[in-house]
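Asker: Kindly generate the corresponding structure for this input.
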Amino acid sequence: MTRWLRELEPLRVWPKTISATHYNCVRLALKRLGCPLRHELQRPALILLLDEEVWAGMAPWDEELPLLAWTGFDTHRSGLDQPVACRLHLYHSHAGLLMGMALDALDAALKARLDAQRTAGLGSDRS
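Answerer: Sure, this is the predicted structure:
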C-alpha cells in the first residue's frame, strides 16, 4: 500500500495530532478485524485503507488515487489517553476538508464493526 506514498509528491504535509480515542480505536480494529483493513465511508465518500504505518484515504471513484494519508505515528506516549502526533499528507486540494469528518466517521464505523464482532462471538459461545 505504501508504494504510492514513496512515489507521489503530496501537495502539502502537515504535522497533526490524532486523538487517543481515534488512534486507539483504529489500533484495536487492526488487531481484532485484521491488518490491513479496508473500510468504505459514505459521508464523506472515502475509502480508507489502514495498516500499522499508514491510514490512507482513497478516492471512491478510483482506488489508485490517494486523497490524504496519515503517516509517521509517534507512539511514544505516557498513556493510552494521550494523543498521537503524526504527519498528514494531502494529495488533493480539498482533502484537508475531509480529514476531521473522515476520522469521526471512521471511529463510529469501526466501533460498530467491533461491537458486531463481539456480539457475534458471544452468540457463538452460547450454543
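Asker: can you count the residues close to residue 109?
Answerer: Residue 109 has 17 neighbours, counted by other Cβ atoms under 10 Å. Glycine gets a C-beta too; all of them are placed from N, C-alpha and C.
Asker: quick one: residue 13 is in a helix?
Answerer: No: per DSSP: H, G, I helix; E, B strand; the rest coil, residue 13 lies outside any helix segment and is strand.
Asker: let's have the chain start at 271 instead
Answerer: Noted, 271 is the first residue going forward, which turns the last one into residue 283.
Asker: Tell me what it is bridged to.
Answerer: residue 359 (DSSP bridges).
Asker: distance of it from residue 373?
Answerer: Residue 283 sits 17 Å away from residue 373, going by Cβ to Cβ, to the nearest Å.
Asker: more crowded one of the two?
Answerer: More crowded of residue 283 and residue 373, by other Cβ under 10 Å: residue 373, with 22 against 14.
Asker: Who's the closest spatial neighbour of the more buried one, skipping the chain neighbours?
Answerer: Closest residue to residue 373 apart from its sequence neighbours, by Cβ to Cβ, 6 or more residues apart in numbering: residue 292 at 4.9 Å.
Asker: So which elements touch the helix or strand harbouring residue 327?
Answerer: Using DSSP states H and E, the element containing residue 327 is strand 325-329. Applying 3 or more Cβ pairs under 8 Å, 6 or more residues apart in numbering; DSSP states H and E, one finds that strand 325-329 contacts strand 316-320, strand 332-344.
Asker: Helices of the chain, residue ranges please.
Answerer: 273-277, 290-303, 369-395 (DSSP state H).
Asker: Residue 317: which of these is closest?
Answerer: Of all the helices of the chain, it is helix 369-395 that lies closest to residue 317, at 10.4 Å by Cβ to Cβ.
Asker: got the contact list for the closest residue to residue 299 other than its chain neighbours?
Answerer: Of all residues not flanking residue 299 in the chain, residue 380 sits nearest, at 4.4 Å (Cβ to Cβ, 6+ apart). Counting by Cβ atoms under 8 Å, 6 or more residues apart in numbering, residue 380 makes contact with 295, 296, 298, 299, 303, 309.
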